[in-house]
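Novice: take a look and give me a structure for this.
(one chain, ligands or ions: 1)
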Amino acid sequence: MYKKLKKLINNSYSPISKFKVSSIVIDENNNEYSGVNVEYIIPTISTCAERNAISKSITNGSKFGTIKEVHILSINKDFVFPCGLCRQAIFESSNGKAKVFLYNQKGEVKEYLISKLLPHAFSKKDLKNV
Ligand code: THU
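Specialist: Now for the predicted structure:
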């Protein structure tokens, strides 16, 4: 996986921050979908690698809620955690179950559950008690 992320990160389009990120998500059928961050001159419409990978999974027919793994690499030497927006997207697209794998430049890996990275997540069940 690290090798794939390392190759993919070259496709990051990040002229503003110069901070490259790549991500690969895996769904319940073991299909893999890749994403990189893409930056625009209007910063608020830039998108993270993780959410681009999740969007690609849906675009290609993966069922929403069935992501089981999210793999992330950035150009930072150290492990980089997903931003808050991506934590929510990972939570929802995995029904709160995804394993998140962070890679550093040496190819070392750290593994977390999304439920640990986003405790007390806002979720579908919160929409019901109205
Ligand atoms: N970024 C990601 O793509 N994923 C993360 O987990 C953290 C941040 C991107 C967004 C922006 O293009 C750049 O990194 C700097 O924030």
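
Novice: centroid-nearest residue for this structure?
Specialist: In the chain, the residue lying closest to the centroid (C-alpha atoms, centre = their mean) is Glu50, at 2.5 Å.

Novice: what's the following helix or strand after the helix or strand encompassing that one?
Specialist: Taking DSSP states H and E as the criterion, Glu50 maps to helix 49-59. Once helix 49-59 ends, the next helix or strand along the chain (criterion: DSSP H and E) is strand 67-74.

Novice: put the alpha carbons of that following strand into PDB.
Specialist: Output in PDB follows, covering the C-alpha atoms of strand 67-74 (Å, rounded to 0.1, in the frame of the first residue of the first chain):
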ATOM      1  CA  ILE A  67     -15.600   1.700   3.200                       C
ATOM      2  CA  LYS A  68     -13.600  -0.500   5.500                       C
ATOM      3  CA  GLU A  69     -10.100   1.000   5.200                       C
ATOM      4  CA  VAL A  70      -8.600   4.400   4.500                       C
ATOM      5  CA  HIS A  71      -4.900   4.800   3.800                       C
ATOM      6  CA  ILE A  72      -3.200   8.200   4.000                       C
ATOM      7  CA  LEU A  73       0.200   9.500   3.100                       C
ATOM      8  CA  SER A  74       1.500  13.100   3.100                       C
END
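
Novice: just the buried residues of that strand, please?
Specialist: 67, 69-74 (16 or more other C-beta atoms under 10 Å). To be clear about C-beta, it is placed using only N, CA and C from the backbone, and glycine gets the same treatment.

Novice: show me which residues of this structure sit near the ligand.
Specialist: Where the chain comes near the ligand, counting by C-beta under 6 Å from any ligand atom, the residues are 14, 17, 19, 21, 37, 39, 46, 48-50, 72, 80, 82-83, 86.

Novice: out of those residues, who has the most neighbours?
Specialist: Within those, Ala49 tops the neighbour count with 31 neighbours, counted by other C-beta atoms under 10 Å.

Novice: can you tell me how far that one is from Ile24?
Specialist: To Ile24, Ala49 is 9 Å away according to C-beta to C-beta, to the nearest Å.
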